[in-house]
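Trainee: below: sequence and its predicted model.
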Amino acid sequence: MSCLRGATAALIFFAGAAFAQPGSTELPLNQAISLAIERDPWFLASEQAQQAQSLRENAVASRPSPSLSVTIANLPVDSFSLQQEPMTQLRVGVSQALPRGESVALNRQQQRLMANRHPVERQQRIARVALTVTRHYIAYAQARQHGVLINANIDLFEQLRESTASAYQSGVGSVRQQDVLDARLALVKLKEQRASVLQREEQALASLAALTAMPSATLTLPPTLPAVPLSVELTESPLPDAWLSARLTQHPSVVVLAVDHAVADKSVALARQQHAPQWALNGSYGYRADNHDGASRADFFSVGVSLDLPLFNEAANDSAVRAAFAESESIETRRRARIRDLMIRVRSERAVLRRLYERKTMYESEILPQSRDYAEATLDAYTAAQGDVETVLDARRAHLEAEIALLSITSDIAQTRATLAYLTTQATSEK
């Protein structure tokens, strides 16, 4: 069953994500998702609950047990003799009650539906686990790349600090003590930022280690952001309403409510069965002893049919039917509301994704090149003794902030795509 869950995860969520190259010791996203699913104890509990529900189906399908009665009828109290009176008899009877209407079949169908709910719940759990793992995966890669950007700038800031201190001590140029302090402070702040980024990286790694049940020390992840594939329709504009509605109708959370609605419909049908009379069959054999002079007496055999008439509880039965119907309608309303909420979220995430791509293009084509050129120009001017340290530091900080902003946008794109993939997950038949 664990292999099935792993395969299902890859199938319904990130089927197109790339795996690591052969020989790599890094844990790719798909394998991390599969490990998290296979080692999640919730799935074992779900399978056990489904097994219990299936056994419960057989329990409700059985008919009521027959009743056995033994009676001494018409025993005279003056002698307590079985032979004195011809009416005295030892009666053995059996009665069998029959279910009301189609209540047995409806109960069995309802229990089967309730058992079929568990596979859909597991697929919903798979999608959630996959989304959680992917978010931690992206957070780790973002922190890792953030740290690379900071480390590259720390080397430059260290060189600026040393050159500024050396120039101030030797009295070369117009370097002031304030410039030395600015260079030191900029370097310290950058190192503090690196420590903060390392903290986020370790937190994401620890979360993934807990989800995959792997030691953090042995868990190695790729430093690059994962590619999250999406359906072509989700990347088109405008998004076809018919496609989206059909897709969201098959989301596991919606299918779970559909199953609940089917179970509630069976409850309505069961409540209506209370209007049907309940039949019972009975039969008895009466043994009579011989009389005092030895004459034989005939034994008796009786058979009968009885039924209860639901006359005095008709109002209560009607209320039970109305209550079951109201519950069914409530579940169906919640199902439609869930589809509406998913549709709103999909359209919202698509709008966010579109703007993120616009911002990413702007940073890559304009902001980042310009900030890089300005930082290089200020450094060249400072090297030629035509600029000051403060301008160089400000320019380098601005360029680093632009690089971090682009990294954040790229990470947000991956997170948004992962959210859209989760929102449009489709439930499949579990074999």
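Mentor: Arrived safely.

Trainee: is it true that residue 251 touches residue 341?
Mentor: No: counting by Cβ atoms under 8 Å, residue 251 stays clear of residue 341, with 10.4 Å between them. For the C-beta atoms, the positions are set from N, CA and C on the backbone; glycine is no exception.

Trainee: what about the two, which has more around it?
Mentor: The neighbour count for residue 251 versus residue 341, taken as other Cβ atoms under 10 Å, is higher for residue 251 (22 against 14).

Trainee: who touches the more buried one in this structure?
Mentor: 338, 339, 342, 423, 424, 425, 426, 427 (Cβ atoms under 8 Å, 6 or more residues apart in numbering).

Trainee: show me those residues that map onto helices.
Mentor: Secondary structure defined by DSSP state H assigns 338, 339, 342, 423 of the contacts of residue 251 to helices.

Trainee: that older thread, can you lay out the contacts of residue 251 as TSV showing distance to residue 405 and pLDDT?
Mentor: As requested, those are arranged in TSV below (distance: Cβ to Cβ, whole Å; pLDDT from 0 to 100):
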residue	distance to residue 405	pLDDT
338	36	95
339	36	95
342	31	95
423	26	94
424	29	92
425	31	92
426	35	91
427	38	88
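
Trainee: looking at the residues you listed, which is nearest residue 295?
Mentor: Distance to residue 295 across the contacts of residue 251 (Cβ to Cβ) is lowest for residue 427, with 78.6 Å.

Trainee: ok, the closest one - contacts?
Mentor: With contact taken as Cβ under 8 Å, 6+ apart, residue 427 is in contact with 12, 120, 123, 124, 250, 251, 252, 255.

Trainee: okay, those in CSV with secondary structure, pLDDT and distance to residue 363 next?
Mentor: Shown next, in CSV, are the contacts of residue 427 (DSSP: H, G, I helix; E, B strand; the rest coil; pLDDT from 0 to 100; distance: Cβ to Cβ, whole Å):
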residue, secondary structure, pLDDT, distance to residue 363
12, helix, 43, 33
120, helix, 93, 42
123, helix, 94, 38
124, helix, 94, 37
250, coil, 94, 37
251, coil, 95, 34
252, helix, 95, 37
255, helix, 94, 40
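
Trainee: may I ask which of the residues you listed has the most neighbours?
Mentor: Counting neighbours by other Cβ under 10 Å, residue 123 leads the contacts of residue 427 with 27 neighbours.

Trainee: farthest-separated two in the contacts of residue 251?
Mentor: The distance between the two most remote of those (Cβ to Cβ) is 14.5 Å, for 338 and 426.

Trainee: SS state for residue 306?
Mentor: strand (DSSP: H, G, I helix; E, B strand; the rest coil).

Trainee: which residue, neighbours along the chain excluded, lies closest to it?
Mentor: Excluding the flanking residues, the one nearest residue 306 by Cβ to Cβ, 6 or more residues apart in numbering is residue 280, at 4.7 Å.

Trainee: bridged to the closest residue in space to residue 305 that isn't next to it in sequence, which residues?
Mentor: Leaving aside its chain neighbours, residue 305 sits nearest to residue 281 (5.9 Å; criterion: Cβ to Cβ, 6+ apart). Beta-bridge partners for residue 281, by DSSP bridges, are residue 96, residue 305.

Trainee: number of nearby residues for residue 281?
Mentor: Per other Cβ under 10 Å, the neighbour tally for residue 281 reads 14.

Trainee: I'd like the distance between it and residue 309.
Mentor: 17 Å (Cβ to Cβ, to the nearest Å).

Trainee: what does residue 264 give?
Mentor: 28 Å.

Trainee: please say which of these two ends up with more neighbours.
Mentor: Per other Cβ under 10 Å, whichever of residue 264 and residue 309 has more neighbours is residue 264, with 20 against 8.

Trainee: show me what contacts that one?
Mentor: 324, 327, 328, 331.

Trainee: out of those, who's nearest residue 50?
Mentor: Nearest to residue 50 among the contacts of residue 264: residue 331, at 20.3 Å, using Cβ to Cβ.

Trainee: dump the residue contacts of the closest one.
Mentor: Residue 331 sits in contact with 257, 260, 261, 264, where contact means Cβ under 8 Å, 6+ apart.

Trainee: low-confidence ranges, the stretch 151-300 of the chain, go.
Mentor: 162-164, 166-179 (pLDDT under 70).

Trainee: do a quick rundown of the strands in it.
Mentor: 278-287, 300-308 (DSSP state E, counting those that start in this stretch).

Trainee: distance to residue 29 added to the ones you listed, as TSV?
Mentor: Shown next, in TSV, are those (distance: least, Cβ to Cβ, whole Å):
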stretch	distance to residue 29
strand 278-287	59
strand 300-308	63
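
Trainee: those strands: which one's closest to residue 208?
Mentor: Of all the strands of the stretch 151-300 of the chain, it is strand 278-287 that lies closest to residue 208, at 59.1 Å by Cβ to Cβ.

Trainee: tell me which residues of the closest one come out buried.
Mentor: The neighbour-count check on strand 278-287 (16 or more other Cβ atoms under 10 Å) flags 278, 280, 282, 284, 286 as buried.

Trainee: over to stretch 235-247?
Mentor: The neighbour-count check on stretch 235-247 (16+ other Cβ under 10 Å) flags 244, 247 as buried.

Trainee: how far away from the center of its chain is that stretch?
Mentor: Distance of stretch 235-247 from the chain centroid (Cα atoms, centre = their mean, to the nearest Å) equals 23 Å.

Trainee: span of it from start to end?
Mentor: End-to-end span of stretch 235-247 (Cα to Cα, to the nearest Å): 15 Å.

Trainee: what comes into contact with that stretch?
Mentor: When contacts are defined by Cβ under 8 Å, 6+ apart, stretch 235-247 is touched by residues 231, 233, 339, 343, 346, 347, 350, 354, 424, 426.
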